[in-house]
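> The sequence isn't on hand, but the structure is:
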């Protein structure tokens, strides 16, 4: 099975989004939870993802039907819901993303229909299977509710948020804590039982080996901010290695 690898985009830049596609990434999660993106910035980032050949997903801070509708009208193919914790939230997210009779999304034309090249009826039909609703499970409450969440028709896959989960568990900012790892495994187990894909975010070589052995369909490669900083530091060290000196 082909594994679709994606990135969380924390450095707002359409050029970067286009580069991710050129580098072979299959999806990019554009962040509206922690980033102050204007509607124009988001539109340019979505367009750059399309040009680069990777799916634009957008992480929203909560289940806001109007925001989800506008993001989809802009061309997003996936909606990632931060800290989803209840069945009701899952149902509301699915309804916000789909047109009647499956949901309550309002209809418009514009770029998602090629400015009229695709009929509204054809776009509605295509959107039924072309939009991914992706809960992020980042709390104990979310894990407890996960079996019911996974039973909601229209949930495409599930992501984990180990850092926020660690905070929620009272363990501080420690996503590598053994208790957090066990809870992430619990999330994956619930997804396996429901037949819903799980998208892990490996943080160590051990975690990478564990998830790759499961042959996942989706895999998050972390966020671009940390990866870029690491690559920049490594390149500088290649040219001028850090040398510790002691005063004479």
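Perfect, I can see it now. Since the structure is predicted, the reported quantities are computational estimates derived from the model, not experimental observations. Numbering: from 1, shown residues only.
> Wait, a strand at residue 135?
Yes - assessed by DSSP: H, G, I helix; E, B strand; the rest coil, residue 135 belongs to a strand.
> contacting residues for it?
Residue 135 is in contact with 81, 84, 90, 93, 142, 149, 155, 158, 159, counting by C-beta atoms under 8 Å, 6 or more residues apart in numbering. For glycine as for every other residue, the C-beta is placed from the backbone atoms N, C-alpha and C.
> which SS state does residue 7 fall under?
Once three-state DSSP is applied, residue 7 turns out strand.
> Would you check how far apart it and residue 27 are?
8 Å (C-beta to C-beta, to the nearest Å).
> which residues sit against the helix or strand containing residue 129?
According to DSSP states H and E, residue 129 maps onto helix 120-130. Residues from elsewhere that reach helix 120-130 (C-beta under 8 Å, 6+ apart): 72, 77, 98, 99, 102, 107, 109, 112, 113, 118.
> So which of the residues you listed belong to helices?
residue 72 (DSSP state H).
> okay, among the contacts of helix 120-130, which ones form the most distant pair?
Every pair in those was compared (C-beta to C-beta); the two farthest apart turn out to be 102 and 109, at 19.5 Å.
> show me where the protein has helices.
Listed in chain order, the helices of the chain (DSSP H) span 14-22, 39-52, 65-73, 87-97, 120-130, 140-150, 162-168, 178-194, 205-213, 224-239.
> tell me what the second one is packed against?
Meaning helix 39-52. Where contact means 3 or more C-beta pairs under 8 Å, 6 or more residues apart in numbering; DSSP states H and E, helix 39-52 is packed against helix 14-22, strand 27-31, strand 55-60.
> Any chance of JSON lines for the ones you listed, columns distance to residue 185 and mean neighbour count?
As requested, the helices and strands packed on helix 39-52 are exported to JSON lines (distance: least, C-beta to C-beta, whole Å; neighbours: other C-beta atoms under 10 Å):
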{"stretch": "helix 14-22", "distance to residue 185": "28", "mean neighbour count": "18"}
{"stretch": "strand 27-31", "distance to residue 185": "22", "mean neighbour count": "25"}
{"stretch": "strand 55-60", "distance to residue 185": "23", "mean neighbour count": "23"}
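> Including mean pLDDT, could the ones you listed go into TSV?
Below are the helices and strands packed on helix 39-52 laid out as TSV (pLDDT from 0 to 100):
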stretch	mean pLDDT
helix 14-22	96
strand 27-31	98
strand 55-60	98
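> Residues in a beta bridge with the residue nearest the centre of the chain, which ones?
Residue closest to the average C-alpha location in the chain (C-alpha atoms, centre = their mean): residue 29, at 4.5 Å. Beta-bridge pairing of residue 29, defined through DSSP bridges, involves residue 8, residue 57.
> residues contacting it?
Contacts of residue 29 by C-beta under 8 Å, 6+ apart are 6, 7, 8, 9, 57, 58, 59, 78, 80, 220.
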